[in-house]
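Participant: Mind folding the following:
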Amino acid sequence: MKKVAFITLGCKVNTYETEGMKRLFENSGYQVVEPDAAADVYVINTCTVTHLSDRKSRQMIRRAKRLNPDAVIAAVGCYAQVAPDEVSKIDGVNLVIGNNRKSEIVELVEGISRNEQRIEVLPGKSLKEYEELWVGSYTGHTRAFLKIQDGCDQFCSYCIIPFARGRIRSRSIESIIEESRKLVENGFKEIVLTGIHLTSYGKDTGAGTLLDVIKELNKLDGLLRIRLGSLEPLYMTGEMIREISEIEKLCPHFHLSLQSGCDETLARMNRKYTTAEYREIVDRIRQHFDDAAITTDIMTGFPGETDEEFRKTCKFVESIGFSQAHIFQYSIRKGTKAAAMKDQIPPEVKEERSRILAEICSRSMHEFRERQVGKIKDVLFEEKTEEYWTGHTGNYIPVRVLCDRDIGGELLDVMITKNEHDYMIGQIV
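Facilitator: From the prediction side, this is the model:
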């Protein structure tokens, strides 16, 4: 039996697509092995959101080549899409696919020898149809990511993803529900809806909205939780927030990408909201959801970000009180408007600003979790580490409990007793 290994970088959409490709290889008689094992085929699902992502993708390709010099190596995903010639020059690469034809990956791999090389990449603007990649199950997970949308038309000035993923393409609601039903049959209690620009779902087809998808999933027997991926802030109108607050299975966890807490910086980024609008959205969510987790992404060192603009961001971030935040440094992406902007920020300044913001967000995370102590929360348990079972609350707090029996995949009420910063300690009620 031939063996295939996968190395996945980047976002939850990549995670979903990797699982879909695994199922295709399994259905063709391959054994899926761990990324560091010897294999006949290596599939590296690449990322290009920053220059570090590009570098990591190159490292993983070279690593696969070292693991088995005779293997067929396929580079797929966003880095392969935007820089196919560059990727093809990496020693060992046989097949460059990008973000099209992943559903044909088995046939493409089997149609090439280790001494050949082919590039199967369509221009991003040619990616017009949603490509179905059914997952049905996940390796080593208890929650399931479900991709419902691809592509983005926002064109934030720093972002390469619209060029890597192409225009908006939505999956049919019928297909979403059918795969969701299969996931539930395979034991998954929580589904996380994901996409490249999730809130654009349905704009291309007119056949439904993200809200319609959530409402249909809420009817699904056996599904206990629906969690949303990253959301465009302005999508969360007062009406939308009111409607989703009535959906029983929806987790009170909202990832609203901020990027900057300064209006001048947001304008240069081509983000479509102001800080005042963002604050109003957060306030509305908190009015309708108890203990709502507001998580976010924040960029430091965007071109032209002055000390005063950064101070505004710090003040705004501190005032919001995020339950968790991903802090990252601006990275020049060739072909984006920001790459040509003046006043690029030195690396040492980006690093220092990242450190300051990380400290602010660490404090707000600690304060948010402190407020959970003494409360009873439902926890979906995922794995056992030493003597503790670990899971997450609906508002995405990691919780550990002592329990003798196997509770993996169970949703149980837990009294939160202690905040250990990285996780909470609890007792099953």
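Participant: quick one: Asp36 and Met1, what's the gap?
Facilitator: For Asp36, the distance to Met1 equals 19 Å [CB to CB, to the nearest Å]. All C-beta spots, glycine's among them, are computed from the backbone N, C-alpha and C.
Participant: quick one: which of the two has more around it?
Facilitator: Looking at Asp36 and Met1 with other CB atoms under 10 Å, you find the greater number of neighbours at Asp36, namely 11 against 6.
Participant: if I pick the nearest residue in space to that one that is not next to it in sequence, what's in contact with it?
Facilitator: Excluding its sequence neighbours, the residue lying closest to Asp36 (CB to CB, 6 or more residues apart in numbering) is Leu67, at 6.9 Å. With contact taken as CB atoms under 8 Å, 6 or more residues apart in numbering, Leu67 is in contact with 5, 36-39, 42.
Participant: tally of neighbours for Asp343?
Facilitator: If we define neighbours as other CB under 10 Å, then Asp343 has 9 of them.
Participant: Before we go further, it is sitting in a helix, right?
Facilitator: No: counting by DSSP: H, G, I helix; E, B strand; the rest coil, Asp343 is not part of a helix but coil.
Participant: Leaving out sequence neighbours, find the closest residue to it.
Facilitator: Per CB to CB, 6+ apart, closest to Asp343 is Gly304, 4.4 Å.
Participant: close enough to count as contact, that neighbour and Lys342?
Facilitator: Yes: contact criterion CB atoms under 8 Å: Gly304 and Lys342 qualify, at 7.0 Å.
Participant: Neighbour count for the two, which is higher?
Facilitator: Counted by other CB under 10 Å, Gly304 and Lys342 do not tie: Gly304 has more neighbours, with 14 against 6.
Participant: From Met269, how far off is that one?
Facilitator: From Gly304 to Met269 the distance is 10 Å (CB to CB).
Participant: Equivalent analysis for Lys315, please.
Facilitator: For Lys315 relative to Met269 (CB to CB), the value is 18 Å.
Participant: more neighbours, the two?
Facilitator: Met269 (22 against 13).
Participant: and the gap between that one and Phe316?
Facilitator: Taking CB to CB, one finds Met269 at 14 Å from Phe316.
Participant: Near the nearest residue to His197 once chain neighbours are set aside, how many other residues are there?
Facilitator: Distances taken as CB to CB, 6+ apart put Cys152 closest to His197, at 4.0 Å, once the chain neighbours are dropped. In terms of burial, Cys152 registers 22 neighbours under the definition other CB under 10 Å.
Participant: Isn't Cys152 up against Arg169?
Facilitator: No: in this structure, Cys152 is not within contact of Arg169 by CB under 8 Å, at 10.2 Å.
Participant: What values do phi and psi take at the nearest residue to Asp153 once chain neighbours are set aside?
Facilitator: Nearest non-adjacent residue to Asp153, counting by CB to CB, 6+ apart: Ile168, 5.6 Å away. Dihedral angles of Ile168 (phi, psi; degrees, to the nearest 10) stand at phi -60, psi 130.
Participant: Give the next helix or strand downstream of the helix or strand hosting Met60.
Facilitator: Using DSSP states H and E, Met60 sits within helix 51-67. Later in the chain than helix 51-67, the nearest helix or strand by DSSP H and E is strand 72-77.
Participant: now for the helix or strand just after that next one, which elements pack on it?
Facilitator: Downstream of strand 72-77, the next assigned helix or strand under DSSP H and E is helix 78-82. Helix 78-82 is packed against strand 41-46, helix 51-67, strand 93-98, helix 161-165, with contacts defined by 3 or more CB pairs under 8 Å, 6 or more residues apart in numbering; DSSP states H and E.
Participant: Run through who's touching helix 78-82.
Facilitator: 10, 14, 46-49, 53-54, 57, 87, 96-99, 121, 124, 160-161, 163-165, 335.
Participant: can you give me the helices for this structure?
Facilitator: 12-27, 51-67, 78-82, 84-88, 105-110, 161-165, 173-185, 210-218, 238-244, 263-269, 275-288, 307-320, 347-370 (DSSP state H).
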